[in-house]
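A.B. asks: generate a structure from the sequence data that follows.
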Amino acid sequence: MKIIGSKIKENETYLKREDYSKNLLRKLKAEKKKVSLGGGEKALEKHKAKGKMTARERINTLLDDPKNFYELNSFAAYDMYKEYGGAPSAGTVYGVGKIHGRQHLIVANDATVKAGAWFPMTAKKNLRAQEIAMENHLPIIYLVDSAGVFLPLQEEIFPDKEHFGRIFRNNAKISSMGIPQIAAIMGPCVAGGAYLPIMSDEALIVEGEGSVFLAGSYLVKAAIGEDIDNESLGGAKVQSNISGVTDYIMKNDEECLAQIRSIVNKNGERIKAGFNRIESKPPLYSSKEIYGILPEDTTKQYDMYDVIARIVDDSSIDEYKAGYGKTIITAYARIDGWSVGIVANQRSIVKTEKGEMQVGGVIYSDSANKATRFIMNCNQKKIPLLFLQDVTGFMVGSRAEHGGIIKDGAKMVNAVANSVVPKITIIVGNSFGAGNYAMCGKAYDPRFIFAYPNAKISVMGGAQASNVLLSIKLKQAEKSGENFTDESKKKLLKKITESYENASSPYYAAARLWVDEIIDPALTREYVSMAIEVSNNNPDMPKFNTGVIQT
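C.D. replies: Numbering: from 1, shown residues only. Presented below is the predicted three-dimensional model:
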C-alpha cells in the first residue's frame with residue numbers, strides 16, 4: 001500500500017482556513033443545541049411536569065452508551081414552517097445506536113413540538129428512517145408520543161404516495177422482511193397514527209400517559225353521541241386487558257424502556273453481509289487537520305489527498321490508475337478497519353490556450369472512465385464505496401464534446417445507479433449539477449449522505465447562477481419598459497446572490513433531507529465506520545448488472 005505523504009504546514013493560509021472551519025463548527029454546534037431544545041424551555045418544563053422523559057432522554061436511556069448515538073436529520077424542517085412557530089427537527093428524533101451491543105434504529109416523537117404533531121417534513125423524516133431500516137435490515141424501535149397530523153397542513157401530508165399513509169405500508173413491508181419492529185406508546189396515539197405502533201410486531205403502553213384509538217372522546221361524542229373519557233376509551237388497561245391491542249402495560253417511561261432493552265436482548269443472531277474488516281489503525285495525521293486544509297472559499301485550491309490521508313487507516317491507499325484521469329482519485333483503503341473503495345474529486349490546474357486555469361473538481365472523459373471501471377471492480381469484490389464530493393460538473397466546450405464527454409459521463413452515472421454495494425457519500429465542498437449525480441448524490445440511493453459545514457449544493461456555482469438569473473430579470477424588465485441603473489443592477493445582483501447562496505447552504509439541504517446530517521469533518525472516520533457497520537446487517541445483495549454500459 002502507498003502511504004500518502006502530507007506536506008501541510010501551519011502557515012498563514014492553513015491558520016486562516018482553520019479559523020474559518022472552526023467558526024463554521026461553532027455555528028453548527030450552536031444550531032444543533034437550539035434544535036435539540038425542541039419546542040423550547042417552557043414546553044420542556046411542561047412535558048417533564050407530567051413525569052415524562054423527553055424524546056432524547058428516552059433514546060439515551062435505551063442505549064448502551066448515549067455518546068455513541070448517531071442522530072440523523074437533526075436539521076429536518078430547519079427554518080421552515082415559520083408561520084406556525086417552526087418545527088425543530090420536524091418534531092421527531094431518530095438515529096442509530098447500540099442496545100446490548102447490536103445496532104438499532106430508534107425513532108422518537110418530540111411531544112414538545114406542537115404535541116408531536118406530524119408536519120409534512122415529519123412524514124418525510126420518518127419515511128427516511130424506515131428506508132434506512134429496510135435497506136440495512138436494521139431493527140427499529142418507535143417511541144410514540146404524538147397528537148397526529150398537523151391539520152393546517154393536512155393536504156401536504158395525507159393522500160400522496162410519499163405521505164403519511166406510506167409509513168404504515170412500510171410497517172407491513174418491514175415486518176414481512178423479518179426485521180423486528182417494537183413500538184412504545186408513551187403518549188397519545190390518535191387516528192391514522194394509531195396504526196404505526198399496532199402494525200409493529202410488539203407494542204408497549206405506559207399507564208396514565210399512553211392512549212391509542214382511532215377517534216378521541218370529543219370526536220366520539222360528535223360522531224355517535226357517546227360520552228366517554230380517553231382513558232376509558234383507549235388507555236393502557238383497556239387496550240392491553242380488554243381489546244388485546246397492546247402487549248405490555250408499563251408503569252412509567254423508565255420501566256417501559258427497561259422492558260424494551262430486555263426484549264431486544266433475547267433476539268437471535270443474524271447473518272451479515274460479510275464486508276471485509278480487520279483491526280483498525282489510526283491515520284498518521286490528526287483528523288482535525290482537515291480544518292486547515294479545506295479552503296474558506298470553495299473556488300480555492302487544495303489537495304484531496306491531504307483530506308484522504310486524515311481519514312484512512314495508516315494514511316495508506318492502493319491507488320487505482322494513479323496517473324490517469326487525475327481529476328478523480330480512485331483507491332482502495334481501510335477506514336476503522338473496514339475495506340472501502342474511495343471515489344474522490346480532485347481539483348486541478350488545466351492548461352488552456354489562454355494559459356493556466358484552476359478547475360474545481362471538474363470531471364473529464366478519462367476521469368469518468370476510470371471511475372466507472374473502479375466502481376465496477378468494487379461491486380465485483382464486494383467492497384463498499386465512499387464518494388468524497390467536491391465537484392462542479394462535467395467538462396464543457398468543443399474539445400470535451402468532440403471527445404464524447406456526454407457518453408463517458410453517462411457510463412459513470414450508469415455504474416453508480418446500478419451499483420449494489422453500499423454507497424456512502426460525503427459532500428466535502430461543492431456539489432453542482434450533473435456532478436452531484438455522477439458522484440452519488442441523494443437521487444442515486446446512497447445508504448447515507450453527509451455534508452461538511454462548508455458544503456454547497458446547487459445546479460451551478462453561485463456567481464454563474466446569479467449572473468444568469470440577473471440577465472433573465474433584466475430582459476424581463478426591458479420588455480415591460482423598466483430601466484435599471486448600474487446601482488440598481490448591483491443591488492439586484494446582491495439580492496439574487498444572497499438568495500441563491502442561502503438555498504445552496506448545507507442547512508437548506510439538511511432541512512429538506514437532501515443530506516442525512518451535517519457533520520464535523522474530524523468525525524468523518526466515525527460516521528463512515530458506522531455507515532458500513534449498519535450496511536453489513538443486510539446480507540441480501542443483488543447481482544451487479546450495468547445494463548447497456550460500454551467501457
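A.B. asks: F168 contacts M199, doesn't it?
C.D. replies: Yes: between F168 and M199 a contact is recorded at 5.6 Å, counting by CB atoms under 8 Å. To be clear about C-beta, it is placed using only N, CA and C from the backbone, and glycine gets the same treatment.
A.B. asks: quick one: stretch 181-194 to chain centroid distance?
C.D. replies: Per CA atoms, centre = their mean, to the nearest Å, the displacement of stretch 181-194 from the mean C-alpha position of its chain is 25 Å.
A.B. asks: may I see the buried residues of it?
C.D. replies: Under the neighbour-count criterion of 16 or more other CB atoms under 10 Å, stretch 181-194 has 181-190, 193-194 buried.
A.B. asks: out of the residues you listed, who's nearest S398?
C.D. replies: Of all those, Q181 has the smallest distance to S398: 56.4 Å, by CB to CB.
A.B. asks: could you export stretch 9-22 as CSV, CA atoms only?
C.D. replies: Taking C-alpha atoms only, stretch 9-22 is exported to CSV below (Å, rounded to 0.1, in the frame of the first residue of the first chain):
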residue,chain,number,x,y,z
LYS,A,9,2.4,23.4,7.3
GLU,A,10,0.8,25.7,9.8
ASN,A,11,1.4,28.8,7.7
GLU,A,12,-0.9,31.8,7.3
THR,A,13,-3.2,30.1,4.8
TYR,A,14,-3.6,27.0,7.0
LEU,A,15,-4.4,29.1,10.1
LYS,A,16,-6.9,31.2,8.2
ARG,A,17,-8.6,28.1,6.8
GLU,A,18,-8.6,26.5,10.3
ASP,A,19,-10.2,29.6,11.9
TYR,A,20,-12.9,29.6,9.1
SER,A,21,-13.7,25.9,9.7
LYS,A,22,-13.8,26.3,13.4
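A.B. asks: give me the buried positions along that stretch.
C.D. replies: For stretch 9-22, a neighbour-count test (16+ other CB under 10 Å) marks 17-18, 20-21 as buried.
A.B. asks: now those as TSV including pLDDT?
C.D. replies: Shown next, in TSV, are the buried residues of stretch 9-22 (pLDDT from 0 to 100):
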residue	pLDDT
R17	97
E18	97
Y20	97
S21	98
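A.B. asks: ok, so of the buried residues of stretch 181-194, who is nearest W338?
C.D. replies: Once CB to CB is applied, the member of the buried residues of stretch 181-194 that ends up nearest W338 is Q181, at 27.5 Å.
A.B. asks: got the residue ranges for the helices in the stretch 401-550 of the chain?
C.D. replies: Assigned helices in the stretch 401-550 of the chain, in chain order: 405-418, 433-438, 462-479, 486-503, 506-511, 524-535 (criterion: DSSP state H, counting those that start in this stretch).
A.B. asks: ok, now the stretch 1-150 of the chain?
C.D. replies: If DSSP H, counting those that start in this stretch is used as the criterion, the helices of the stretch 1-150 of the chain fall at 12-36, 41-49, 55-62, 120-136.
A.B. asks: mean pLDDT lowest where, among the ones you listed?
C.D. replies: Of all these, mean pLDDT reaches its minimum on helix 41-49 (a mean of 94).
A.B. asks: now it and helix 55-62, what's the angle there?
C.D. replies: 50 degrees (axes from the mean of the first three to the mean of the last three CA atoms, to 10 degrees).
A.B. asks: so for helix 41-49, what gets flagged as buried?
C.D. replies: 43, 47.
A.B. asks: ditto for stretch 261-281
C.D. replies: Those would be 263-264, 273, 275, 277, for stretch 261-281 by 16+ other CB under 10 Å.
A.B. asks: what number of residues lie near the residue lying closest to K34 once chain neighbours are set aside?
C.D. replies: Leaving aside its chain neighbours, K34 sits nearest to P88 (7.4 Å; criterion: CB to CB, 6 or more residues apart in numbering). By the measure other CB atoms under 10 Å, the count of residues near P88 is 24.
A.B. asks: and the gap between P88 and I342?
C.D. replies: According to CB to CB, to the nearest Å, P88 and I342 sit 35 Å apart.
A.B. asks: in CSV, list the buried residues of stretch 261-281 along with distance to Q301, secondary structure and pLDDT.
C.D. replies: Supplementary listing: the buried residues of stretch 261-281 in CSV, determined by distance: CB to CB, whole Å; DSSP: H, G, I helix; E, B strand; the rest coil; pLDDT from 0 to 100:
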residue, distance to Q301, secondary structure, pLDDT
I263, 54, helix, 97
V264, 50, helix, 97
A273, 38, coil, 96
F275, 35, coil, 97
R277, 35, strand, 98
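A.B. asks: make TSV from these and add distance to R310 to it.
C.D. replies: Below are these laid out as TSV (distance: CB to CB, whole Å):
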residue	distance to R310
I263	41
V264	36
A273	27
F275	22
R277	20
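A.B. asks: of the residues you listed, which is the nearest to A531?
C.D. replies: For the buried residues of stretch 261-281, the nearest to A531 is F275 (11.1 Å; CB to CB).
A.B. asks: please name the residues that touch that closest one.
C.D. replies: 338-339, 382-384, 422, 532, 535-536 (CB atoms under 8 Å, 6 or more residues apart in numbering).
A.B. asks: out of those residues, which sit inside strands?
C.D. replies: Taking DSSP state E as the definition of strands, those contribute 338-339.
A.B. asks: which regions of the chain sit below the pLDDT cut-off?
C.D. replies: Scanning the chain for pLDDT under 70 picks out the ranges 349-360, 460-470, 478, 547-551.
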